[in-house]
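S.K.: Starting from these lines, generate the structure:
(2 chains)
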Amino acid sequence: MDSEKLKQKILEWESEVVLPLIKKVPERKKVFTTEEGLEVRRVYTPLELERWDYLEKLGLPGVYPYTRGIYPTMYRGRPWTIRQYAGYGSAEDTNERYRYLLSIGQTGLSIAFDLPTQLGYDPDHPLAWYEVGKVGVSTPAVTEMDIVFRDIPMDKISTSMTINATAIETLAMYIAVAESRGVPRAVLDGTTQNDILKEYIARNNYIYPPEPSMRYSVDLILYTAKEMPKWNPISISGYHMEEAGATPAMEIAFTFADAVEYIRWAKERGRVDVDAFAPKLTFFFAARTNLFEQVAKFRAARRMWARIMKEWFGAKDPRSMLLRFHTQTAGVTLTAQQPMVNIIRTTLQALAAVLGGTQSLHVNSYDEALSLPTEESVKLSVRVQQVLLYESGVVDTIDPLGGSYYVEWLTDQIEERAWKHLEEIEKMGGMLRAVKLGYPQREIARAAYEWQLKVEKGEVPIVGVNMFTEPEIPKVKILKVDPVARERVVSRLRKLREGRDKIKVRDALDGVRRAAEREEVNMFTPIYEAVKVGATIGEISGVLRDVWGEWRAPEVF
Amino acid sequence: MSQERLVRKKVLVAKLGLDGHDRGAKVITMALRDAGFRVVYLGVHQAPEDLVRTALEEDVEVIGVSILSGSHEELVSDLVRLAREKGVDVPIVVGGIIPPEDVPKLKELGIYEVLPPGTPLAKVVEVFMKAVGERK
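M.R.: The predicted structure is shown next:
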């Protein structure tokens, strides 16, 4: 390419073709920007890629820096996992939903736990009572987990669990149920979210102060790295930060800052080489409607992660450098107004995730700005994925947007901004310290407010909300959690407490306490032993609350 | 009502229940402050008792609660009952994931206004101003 000639041509085009036109017909806006706030030019040309080295920036699929994809054949070899986050009411309700999802073509499970389970309260605790079974399934003890997985082949299906502050208890229950069916823990395939840092930053389902929580999280990582070769111990999540207001560059930068903190802790606590556990780290991001910027975000993230692992941590095993990630379409983009329009939004978002090379995908349902999804709406979410996979043809070649002048420019821009955010946190001494100072919390809240002000002014157009509005929010068929679910869980829990070996439970809980008090002990086995003899989430968390205390969020504003 | 007169108006914003989704509550807190309110922001994981106690201690004129976990009926009904018991007679505004068919039920409980997802900030501020105004 003769770039001098092209520059000349562009100048001519602007003065002779564009200017006369926009004098007559002005463009719709003076400045066009992405959601990140990047100013978008009228057109992108090979000039964007002038000093751009293909092999250095992109390389090939499955090869460092993995910009184009982490596997050599990507979706030509294996499709992404269709994994809808689901769970509500009692274990029976949830089991029924899982079997339904599997029957319509879902390929992996993803458990939504209710808030008491996530926060370490048994369902008969006064604070828990309101929330039992509302946003997920209630699993206070191994007996409930057993029902959740009734007639589901635990040796064949992979299961992701959105569980953090009580991740060890929950994984222990999953193992106990599998082992009772003759499935050893070593063959279990799945993921525990186990990312406590983003709970302090954005999701707010934390219990203990940051240091013991980091120990708890890292203990799960170290335990499974040794004993459960197929288990992904952590899913380091940007999704919730995006939902709370983070921009695309903030989303990936804060996620990597969290990841860096976990790696430092795990290396030190386990006295192990980074390659001993890093191949098992996984990630979780959001997909928004702004298609090209989102694809650029995923590509930039892959490139950054490979470099962080190689250059910051000296990883030797290429698997340590692979950014394996789950994607969920961004819940905050759903509107209660004209809810069917959400199907179109989530389709674009799912397309962004697939063009971005995700390993698994959840597509939100159109009714989720109103309630939990119904069977009918969730079926559409699965079908969106199937149409993308089987009909659209976008999966037939790897990274089809690679080489687009615009997308490569965006990828570079997002990456540059993300490095800046990441360096900012490094300067503060890492994410744990930044979290205690309230830094990411404040940045995200500020971004959320700025965004909302733009929505108010109409600078961020939302169909059905600030344009093309209709007077009423329509009534659509929604899912209501049956209050009987709560009674059922509580009565079973009381029966369990009556029937179990009280001395064994007391001894096991003492074991958890002693372990918690001694910094050097891995928490996994004592908690597993307690779960196995019928100790509940509330009892185990109760002991840990007693030893470690509870976290009170710093004043953010 | 002028900005100057509003400066003294104190309101409470909190997340009621165990739900952690606090984006809305934070954004509304910032919008109300920009509109001249003094906002006591209680944050996440608040029980009805916590709200009523704070409302008394801080002498607020409106209570704003945000709930996205689907537990609004039970939580709000306990909040209203407890507020009555303790003599906290201030308007309560509820926002979050509230299905349209639940709005009349919340209104029957005595909720001043229900603000569904997508409510403009200007409308939120207007509702709080009106709520404060009607008390005087």
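S.K.: Now do the contacts for residue 96.
M.R.: Let's take chain A. Applying CB atoms under 8 Å, 6 or more residues apart in numbering or on different chains to A:Glu96 gives no contacts. For glycine as for every other residue, the C-beta is placed from the backbone atoms N, C-alpha and C.
S.K.: not what I meant, chain B
M.R.: The neighbours of B:Gly96, taking CB under 8 Å, 6+ apart as the test, are B:His21, B:Gly24, B:Ser66, B:Ile67, B:Leu68, B:His72, B:Pro117.
S.K.: Please repeat the previous calculation with a cut-off of 6 Å.
M.R.: B:Ser66, B:Ile67, B:Leu68 (CB atoms under 6 Å, 6 or more residues apart in numbering or on different chains).
S.K.: Report how many residues lie close to the last one.
M.R.: By the criterion of other CB atoms under 10 Å in any protein chain shown, B:Leu68 has 23 neighbours.
S.K.: right, and it touches B:Gly20 too?
M.R.: No - between B:Leu68 and B:Gly20 there is no contact under CB atoms under 6 Å: 8.9 Å.
S.K.: Could you name every residue contacting both of the two?
M.R.: By CB under 6 Å, 6+ apart, no residue touches both B:Leu68 and B:Gly20.
S.K.: tell me, what residue is most central in chain B?
M.R.: Centroid-nearest residue in chain B: B:Gly64, 0.9 Å away (criterion: CA atoms, centre = their mean).
S.K.: Need the residues that contact the helix or strand harbouring that residue.
M.R.: Under DSSP states H and E, the secondary-structure element containing B:Gly64 is strand B:62-67. Strand B:62-67 has contacts (CB under 6 Å, 6+ apart) with B:11-17, B:24-25, B:55, B:90-96, B:128, B:131.
S.K.: so A:Phe283 sits in a strand?
M.R.: Yes - with DSSP: H, G, I helix; E, B strand; the rest coil as the criterion, A:Phe283 is located in a strand.
S.K.: do you know how far it is from A:Ile234?
M.R.: Distance of A:Phe283 to A:Ile234, computed by CB to CB, to the nearest Å: 9 Å.
S.K.: what do you get for A:Gln386?
M.R.: 29 Å.
S.K.: check contacts around the residue in chain B that chain A sits nearest to.
M.R.: Here the residue of chain B nearest chain A is B:Gly20; by CB to the nearest CB that distance is 2.8 Å. Each residue near B:Gly20 by CB under 6 Å, 6+ apart is listed here: A:Arg203, A:Asn204, A:Asn205, B:Val44.
S.K.: before we move on, what about A:Met250?
M.R.: So A:Met250 contacts A:His421 (CB under 6 Å, 6+ apart).
S.K.: For the helix or strand where it lies, what is the distance to the chain centroid?
M.R.: Taking DSSP H and E as the definition, one finds A:Met250 inside helix A:248-270. Its chain's C-alpha centre and that of helix A:248-270 lie 14 Å apart, by CA atoms, centre = their mean, to the nearest Å.
S.K.: Residue numbers of chain A in contact with chain B?
M.R.: Residues of chain A lying close to chain B by CB under 6 Å from any CB of the partner chain are A:115, A:119, A:127, A:130-131, A:134-135, A:203-205, A:244-245, A:335-337, A:369-371, A:445, A:448-449, A:452, A:456, A:465, A:473, A:475, A:478, A:553.
S.K.: picking up where we left off before, of the contacts of B:Gly20, which belong to strands?
M.R.: Using DSSP state E, the subset of the contacts of B:Gly20 located in strands is B:Val44.
S.K.: Compare the contacts of B:Gly20 and tell me which has the most neighbours.
M.R.: That'd be A:Asn205 among those, by other CB under 10 Å, with 26 neighbours.
S.K.: just to revisit the earlier point, for the strand holding B:Gly64, the averaged confidence score.
M.R.: Mean pLDDT, strand B:62-67: 98.
S.K.: in the sheet, who's paired with residue 113?
M.R.: With no chain named, the answer covers chain A. A:Val137 (DSSP bridges).
S.K.: I was after chain B.
M.R.: Bridge pairing for B:Glu113 - DSSP bridges - gives B:Val93.
S.K.: Just the buried ones from the residues of chain A next to chain B, in ChimeraX syntax?
M.R.: Command for ChimeraX that selects the buried part of the residues of chain A next to chain B, burial taken from 16 or more other CB atoms under 10 Å in any protein chain shown:
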select /A:115,119,127,130,131,134,135,203,204,205,244,245,335,336,337,369,370,371,445,448,449,452,465,473,478
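S.K.: Restricting to C-alpha, output stretch A:466-473 in PDB.
M.R.: What follows is stretch A:466-473, C-alpha atoms only, in PDB (Å, rounded to 0.1, in the frame of the first residue of the first chain):
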ATOM      1  CA  ASN A 466     -36.200   7.900  25.900                       C
ATOM      2  CA  MET A 467     -37.400   7.500  22.300                       C
ATOM      3  CA  PHE A 468     -40.400   5.800  20.600                       C
ATOM      4  CA  THR A 469     -42.000   5.500  24.000                       C
ATOM      5  CA  GLU A 470     -45.400   4.100  24.800                       C
ATOM      6  CA  PRO A 471     -47.500   5.200  27.800                       C
ATOM      7  CA  GLU A 472     -47.700   1.900  29.700                       C
ATOM      8  CA  ILE A 473     -45.400  -0.900  30.700                       C
END
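S.K.: now it: how far from the chain's centre is it?
M.R.: 31 Å.
S.K.: And that stretch, what's buried?
M.R.: Within stretch A:466-473, the residues scored as buried using 16+ other CB under 10 Å are A:Asn466, A:Ile473.
S.K.: sorry, back to before: out of A:Gln386 and A:Ile234, which sits in the more crowded spot?
M.R.: For A:Gln386 versus A:Ile234, neighbours defined as other CB under 10 Å are more numerous around A:Ile234 (28 against 15).
S.K.: Pull up the residues of chain B that are close to chain A.
M.R.: Counting by CB under 6 Å from any CB, the residues of chain B near chain A are B:17-18, B:20, B:23, B:26-27, B:30, B:43-44, B:47, B:69-71, B:74-75, B:99-101, B:116-118, B:120-121.
S.K.: Mind checking which of these are in strands?
M.R.: Counting by DSSP E, those contribute B:Gly43, B:Val44 to strands.
S.K.: Check the residues of chain B next to chain A for burial and list the buried ones.
M.R.: B:17-18, B:20, B:23, B:26-27, B:30, B:43-44, B:47, B:69-71, B:74-75, B:99-100, B:116-118, B:121.
S.K.: Please tell me how far the closest residue to A:Val484 other than its chain neighbours sits from A:Leu493.
M.R.: Distances taken as CB to CB, 6 or more residues apart in numbering or on different chains place A:Ser90 nearest to A:Val484, at 7.7 Å, with adjacent residues excluded. The gap separating A:Ser90 from A:Leu493 is 11 Å, by CB to CB.
S.K.: Of those two, give the one with the bigger neighbour count.
M.R.: Legend: neighbour count by other CB under 10 Å for A:Ser90 and A:Leu493, higher for A:Ser90 (25 against 20).
S.K.: for that one, what are its contacts?
M.R.: When contacts are counted by CB under 6 Å, 6+ apart, A:Ser90 touches A:Ala485, A:Arg488, A:Val489.
S.K.: Great, nothing more from me.
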